Structures are given as C-alpha cells and as structure tokens.
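[1] quick check, what structure comes out for this input:
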Amino acid sequence: MTVSSADRKWFTGKVFLWTLFDFANSSYAVIVVAFVYAVYFKKVVALNLPVADFYWSSSINISMIIVALLAPVLGAAADHYGNKKLFLIFFTFLAIITTAFLFFVREGMILWGMLLFILSNIGFQAGLGFYDAFIKEITEPENYNKVSSAGYAVGYIGSLAALAVVLVLQDNPPLMFAACAGLYLIFSLPMFIFIKERSTHAKGTGNISSFLSIGIKRTADTIKHVKNYSNLRKFLLSYFLYIDGVNTIIFFSGIYAQTTLGFSMSELVIFFVIVQVTALLGSFIFGYIADKRGTKKTISLIIILWTILTLAVYLVTDKVTFMIIGFFAGFLLGSSQALSRSFMSTLVPDEKKTEFFGFYGLFEKTSTILGPFTFGIISWLTGDQRLAALALSVFFISGYLLLKNVTDPMNVKLTRIN
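    Numbering: from 1, shown residues only. You can find the predicted model right below:
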C-alpha cells in the first residue's frame, strides 16, 4: 500500500502553529475553569456559602447561553466575509483581558467575580469555534484524527506548564490569574501572525448591520435546510448529551475533589498533573485506535468508559482511589474532545465549515448549560456532590444510544473503495 505524501507530512509548520493555540488556551482551561479560580471563587469570593456551587454553575450557564446565541450567527457571517481569524483574535483578547482583571477580585466580591468570569469564558468558548474551523484549512481529511489529537496533546503540555505556574504561585492565587493571561497571550500570537486564512470565494463587505443580517440569514437558511444534513443532526444531538457530561466534569472536578474529599492545593496539583499527562497520552492512543477501528466506534467506546468512571466517582470515598479515577479519566478527556472535533470535520460541507462549526459550538455550549445546572442544583438542594456526580451518567448513556444511529462517512468511503 502506498502512503500518501499528505499522510507522511501531516505535522506541518501550519499544524504546529495551530496547535500552539491549544497550548495557549489550556492555561485558561486549567487555572480558571477547572482548577484554581473555580476553587478560589467558591472558598474565597463566595465565602464558602452553601449556595456557592449554584453561583458557579450560574456563571457558567450565563456565559454559555450568550456564546450559544452568538456562535452560529458569527460563524455564518465569518464564512461569508472570510474573516474568522479576526473573530478568533477579538474573542481571544476578550478572554485574556478579563482574565487579567481577575487579579483584583477578592473576598466577598461575588458580582465582580461572576461578571469577569462570564466575560472571560465568553471569549474563551466563542473563540474555540473559529479555531476548530481552521482544521479544514491546514490539513487533509485523512489527517483530521491525527491533527485534532495533536492539538489536544499540545494543549495538555500547556496544561502542565500552567500547573507549574500553580506550584510556584500557589500562595498567591490572584497572581496566578495574571500569569494565566500572560501565557494565553504569548502562545496565541504565533497563529495570529503566521497562519493566513484561506478563502475559496470573494470576501463580502458591509457595515455591522449588514454583517449581522448576513449571519442571521445564513443561520436561518441552515436551520431551514437542516433536514439535508440528517447524519450531522443526529451526531450533534448525541454530542449535545455526552459532551455535557465531559464539560461538567471539567468545571466541577477541582471543586468536587476539594469539597467532598478534602484535597489540599498541592494534592490538587498532583491530581491535575496525572490527568494532564494521561490526557496527553490518551489523545494519541485513541487517535491511533480511531484510525484503525473507526472514529465513531472509538467515540462509542469512550462514552461507555466515561459512564463507568462516573459511577466510580459516586462510590469513591478516599483520595487515592480518586487519583486512580483521574488517571483513567485523563485518557478519555483529550480523546473524547479531539475525536469529536475530527468526526465533525468529516460531516460538514466545505462551504459551510465555520457556520457548521458554529452549530457544533452551539450544541456544546447549550449542553454545558444543562450539565453544570444539574450538578449545581442537586449539590445545593441535597448537600451531596456524590449524587450530583452520579446524575451525569444519564448524559453519557443517552449520548451513546443516539450515536448508534449516526453513520461514519469515512467507513462508507472505505467500503466503496474496497
């Protein structure tokens, strides 16, 4: 069998620069979303009140609702005007600036703590859709699994760098947030400066009102004709559910470990190092499995394993066992995100890549409203985070059942060739 040049040279300069953005935003994902600020907000800003989990989930929900409303419209307009890179830069700088201002948030500043997190998370989350859409411009379809997995792998190296910052500055959380903003900025710049946006048609022009009208019109047109993309629709519904469970685990893992199991800051660092290292390995291992066994089959396996781990979290009562769960969860974390992104890339038409990745972001963001809300409300009403964690298994099981009805386009192509 002849190996194509595209396959031999899949890790190009463009791919490397693209992956550096994953390195950049991973500092935010770890320090703000999953770890330091999540715990800092509950324990310090929200004064460790019983309602603190609900405040945190509400901040997540508000930011995700805004992003969910913006993403498809902005994606459609960006496709029309050929300027998704400009949007990526805007939202990235929104995240960086507001993250830097977290330095000034202190005890009892609940409103400011929520507002700055909401704005920074809008920037972080909204930018991901434009970043993901670049995968179709920097590589060929047969390399999507490798490139997407490489992005997440480099991202987890960035997460380890962020954890090194946490170790050095663990006695000064506000300074960590400033350092996070600095890492985010420095490692975003290479992609902004050196990767050129490719356009297959003339760029549109117009003012802000025409820009929005174009985005709304194209989004409405996509919704109207969504029946023509039935396979994509089925996948998005499945993705809506299973990624909800994954994202809720990301948002609450640090809080759960600290509140329910009494992890110290140094123990939390060890836990997240374990997760990041295994996530790095898992991105490549499951990417390899997906290339051999098929992307859909591999995602299905990952969802089953997530369900098992969710049940294990409900049963765990000691720190060592939770560390072991984190070890296995890491393998699933990067791979579930990376393979979902690459599978999505096989389902979308080229002329609507940013718009459909906007819908991909829409389903991810709206699902992230439901999961954290479920966790937050159950934790608040019952006072038991274990029950809240157990509830997440419903999202994984439902997502798995829906995914069974999705056709893998790459398998169809291979069948036709053979």
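[2] contacts and neighbour counts: CA atoms only from here.
    Fine.
[3] can you map out the helices along the stretch 201-350 of the chain?
    With helices called from DSSP state H, counting those that start in this stretch, the stretch 201-350 of the chain shows them at 208-224, 230-260, 265-293, 295-315, 319-347.
[4] go through those and name the closest to Tyr55.
    Between Tyr55 and those, the shortest separation by CA to CA is 12.5 Å, and it involves helix 230-260.
[5] other SSEs contacting the closest one?
    Applying 3 or more CA pairs under 8 Å, 6 or more residues apart in numbering; DSSP states H and E, we find helix 230-260 packed against helix 36-40, helix 265-293, helix 319-347, helix 353-382, helix 385-391, helix 393-403.
[6] what's the mean pLDDT across the fifth one?
    When the per-residue pLDDT values of helix 385-391 are averaged, the result is 89.
[7] give the buried residues for that helix.
    For helix 385-391, the neighbour count (16 or more other CA atoms under 10 Å) marks 385-391 as buried.
[8] over to the second one?
    Of the residues in helix 265-293, those buried by neighbour count under the rule 16+ other CA under 10 Å are 265, 268-269, 271-284, 286-288, 290-291.
[9] redo the buried residues of helix 385-391 as CSV? Include distance to Tyr40.
    Below are the buried residues of helix 385-391 laid out as CSV (distance: CA to CA, whole Å):
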residue, distance to Tyr40
Gln385, 18
Arg386, 21
Leu387, 23
Ala388, 21
Ala389, 21
Leu390, 24
Ala391, 25
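[10] ranking the helices of the stretch 201-350 of the chain by mean pLDDT, which is last?
    Ranked on mean pLDDT, the bottom entry among the helices of the stretch 201-350 of the chain is helix 208-224, at a mean of 67.
[11] so can I have a markdown table of the helices of the stretch 201-350 of the chain showing distance to Leu69?
    Shown next, in a markdown table, are these (distance: least, CA to CA, whole Å):
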| stretch | distance to Leu69 |
| --- | --- |
| helix 208-224 | 11 |
| helix 230-260 | 15 |
| helix 265-293 | 30 |
| helix 295-315 | 27 |
| helix 319-347 | 20 |
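[12] quick one: which of the ones you listed is nearest Ile118?
    Short answer: helix 230-260, nearest of those by CA to CA, at 13.4 Å.
[13] is it true that Ile96 touches Ala181?
    Yes. Contact criterion CA atoms under 8 Å: Ile96 and Ala181 qualify, at 5.0 Å.
[14] just the helices in the stretch 1-150 of the chain please.
    Counting by DSSP H, counting those that start in this stretch, the helices of the stretch 1-150 of the chain are 5-8, 13-28, 36-40, 52-81, 84-101, 110-133, 135-138, 144-168.
[15] and the angle from the last one to helix 265-293?
    Yep, that's helix 144-168 we're talking about. Interaxial angle, helix 144-168 versus helix 265-293 (axes from the mean of the first three to the mean of the last three CA atoms, to 10 degrees): 170 degrees.
[16] for helix 144-168, buried residues please.
    Within helix 144-168, the residues scored as buried using 16+ other CA under 10 Å are 144-163, 165-166.
[17] do the same with the fifth one
    Buried residues in helix 84-101, counting neighbours by 16+ other CA under 10 Å, are found at 84-85, 87-89, 91-101.
[18] what is the nearest of these to Leu128?
    For the buried residues of helix 84-101, the nearest to Leu128 is Leu88 (7.7 Å; CA to CA).
[19] re the thing from before, nearest to Pro173, out of the helices and strands packed on helix 230-260?
    Pro173 lies closest, by CA to CA, to one member of those: helix 36-40, at 7.1 Å.
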